[in-house]
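> based on what follows, work out the 3D shape:
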Amino acid sequence: MDARKEAKLGLYNNITTLCANNAATVAAIPAFANSATQLNGIIVAIRSANQVQENMGTGSTNKKMAKQNLVDLTCIVAGGVFAYASSIGNGNLKAQTKITPTALAQSKDEVLPQRCTDILAIATANQAAIIPFGITPAILTALQSAISDYNATITDPAIIKSKKKVATQNLTALFKQAETLLKEQMDKTVLLLKSTDAGFVEQYKSLRDFVDPGTSATQLKVTVLSATNETPLNAKVFATDTIVLTTDANGVAAFKPITPGTYNVRAAAEGYAEQTKNNVQIKLGKRSQILLKLVPSKQ
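Purely as a prediction, here's the structure:
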């Protein structure tokens with residue numbers, strides 16, 4: 001994803017954050033609120049498609065990334081359906097969608113895709129009802145793609161190259177979908193809020209002023225090593241609570257793209273004490289690198 005798309009994604013993130021922080025105002029116009037929910041779903045789908053595009057390759061690293069993406073998306077969908085089931089008192093549906101990332105990640109290759117497919121089928125059967133819980137058609141499409149991508153890593157690595165091409169096409173389509181949603185729906189319906197919250201409308205208009213940054217990609221490269229012998233660690237790296245990557249064989253997690261801003265980057269590895277580097281500044285179109293050395297935890 002180039003810097004222009006990253007900037008667009010940052011714009012979408014800022015708009016959904018503005019809506020989330022002004023939930024009462026947004027709820028006054030159901031059409032606008034529904035569009036904001038759809039935009040959030042498109043953001044999730046864009047991140048998923050970009051992860052496929054950036055990490056397509058061969059071998060265990062690609063499989064590891066595809067699995068993490070599949071587990072993350074499945075848990076998002078299952079969580080939304082579970083919340084819906086809880087709201088209507090459907091115990092059977094809650095039981096069907098009660099999963100944890102750890103249990104899902106520990107599933108064998110021949111089991112994981114089917115478990116995720118089952119969750120997708122349940123979500124699809126309740127598609128209209130779960131939109132208010134944040135599970136949009138775009139997220140379901142992203143999950144279907146993630147299932148296919150993971151299957152490719154365990155069945156036929158030769159088709160990975162073509163999968164990357166498809167992911168690139170998906171990205172283009174998703175950005176077009178987001179732009180259409182903003183221009184034809186949100187930009188129009190937000191005006192209905194002017195009489196009740198003019199400040200919100202002005203903030204929205206300000207965020208919609210897009211500045212093209214050029215073509216350089218915004219990245220954050222995090223290397224996680226053992227403080228004892230500086231060997232690479234298999235660690236989870238958190239840019240935020242929801243933007244998480246697993247390090248590769250070299251102890252590196254590359255957030256590409258990442259929205260410009262200030263982050264508290266945290267790394268966690270089994271047998272080691274967590275470490276956080278606060279106030280990491282990520283600038284548009286720049287490549288940032290940080291090194292985290294973890295100390296073995298006391299037994």
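> just confirm Lys286 contacts Pro257, I think it does.
No - using C-beta atoms under 8 Å, Lys286 is not in contact with Pro257; the gap is 11.7 Å. For every residue, glycine as well, the C-beta is placed using N, CA and C.
> of those two, which one has the most company?
Neighbours were tallied for Lys286 and for Pro257 using other C-beta atoms under 10 Å; the higher tally belongs to Pro257 (22 against 14).
> Ser86 belongs to a strand?
No - per DSSP: H, G, I helix; E, B strand; the rest coil, Ser86 lies outside any strand segment and is helix.
> which neighbouring elements make contact with the strand or helix carrying Thr37?
If you go by DSSP states H and E, Thr37 is part of helix 30-55. Applying 3 or more C-beta pairs under 8 Å, 6 or more residues apart in numbering; DSSP states H and E, one finds that helix 30-55 contacts helix 3-21, helix 23-27, helix 60-88, helix 137-155, helix 160-181, helix 187-189.
> flag every buried residue along it.
32-55 (16 or more other C-beta atoms under 10 Å).
> avg pLDDT for it?
Here helix 30-55 scores 87 as its mean pLDDT.
> include mean neighbour count, distance to Leu120 and mean pLDDT when you put the helices and strands packed on helix 30-55 into a markdown table, please.
Output for the helices and strands packed on helix 30-55, formatted as a markdown table (neighbours: other C-beta atoms under 10 Å; distance: least, C-beta to C-beta, whole Å; pLDDT from 0 to 100):
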| stretch | mean neighbour count | distance to Leu120 | mean pLDDT |
| --- | --- | --- | --- |
| helix 3-21 | 18 | 23 | 90 |
| helix 23-27 | 14 | 28 | 94 |
| helix 60-88 | 20 | 7 | 89 |
| helix 137-155 | 21 | 5 | 87 |
| helix 160-181 | 16 | 17 | 84 |
| helix 187-189 | 15 | 30 | 95 |
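> distance to Glu202 added to those, as CSV?
Shown next, in CSV, are the helices and strands packed on helix 30-55 (distance: least, C-beta to C-beta, whole Å):
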stretch, distance to Glu202
helix 3-21, 11
helix 23-27, 12
helix 60-88, 32
helix 137-155, 28
helix 160-181, 21
helix 187-189, 14
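> Asp209: which of those is closest?
If you check each of these against Asp209 by C-beta to C-beta, helix 3-21 wins as the nearest, at 8.9 Å.
> send me the closest one as PDB with only the CA atoms.
Output of helix 3-21 as PDB, limited to C-alpha atoms (Å, rounded to 0.1, in the frame of the first residue of the first chain):
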ATOM      1  CA  ALA A   3       1.400   6.500   1.000                       C
ATOM      2  CA  ARG A   4      -1.600   7.800  -0.800                       C
ATOM      3  CA  LYS A   5      -3.700   4.800   0.200                       C
ATOM      4  CA  GLU A   6      -2.300   5.000   3.700                       C
ATOM      5  CA  ALA A   7      -3.400   8.600   4.000                       C
ATOM      6  CA  LYS A   8      -6.800   7.600   2.700                       C
ATOM      7  CA  LEU A   9      -7.000   4.900   5.300                       C
ATOM      8  CA  GLY A  10      -5.900   7.300   8.000                       C
ATOM      9  CA  LEU A  11      -8.700   9.600   6.900                       C
ATOM     10  CA  TYR A  12     -11.200   6.800   7.200                       C
ATOM     11  CA  ASN A  13      -9.900   5.900  10.600                       C
ATOM     12  CA  ASN A  14     -10.200   9.500  11.800                       C
ATOM     13  CA  ILE A  15     -13.800   9.700  10.600                       C
ATOM     14  CA  THR A  16     -14.900   6.500  12.300                       C
ATOM     15  CA  THR A  17     -13.100   7.700  15.500                       C
ATOM     16  CA  LEU A  18     -14.900  11.000  15.400                       C
ATOM     17  CA  CYS A  19     -18.200   9.100  15.000                       C
ATOM     18  CA  ALA A  20     -17.400   6.800  17.900                       C
ATOM     19  CA  ASN A  21     -16.500   9.700  20.100                       C
END
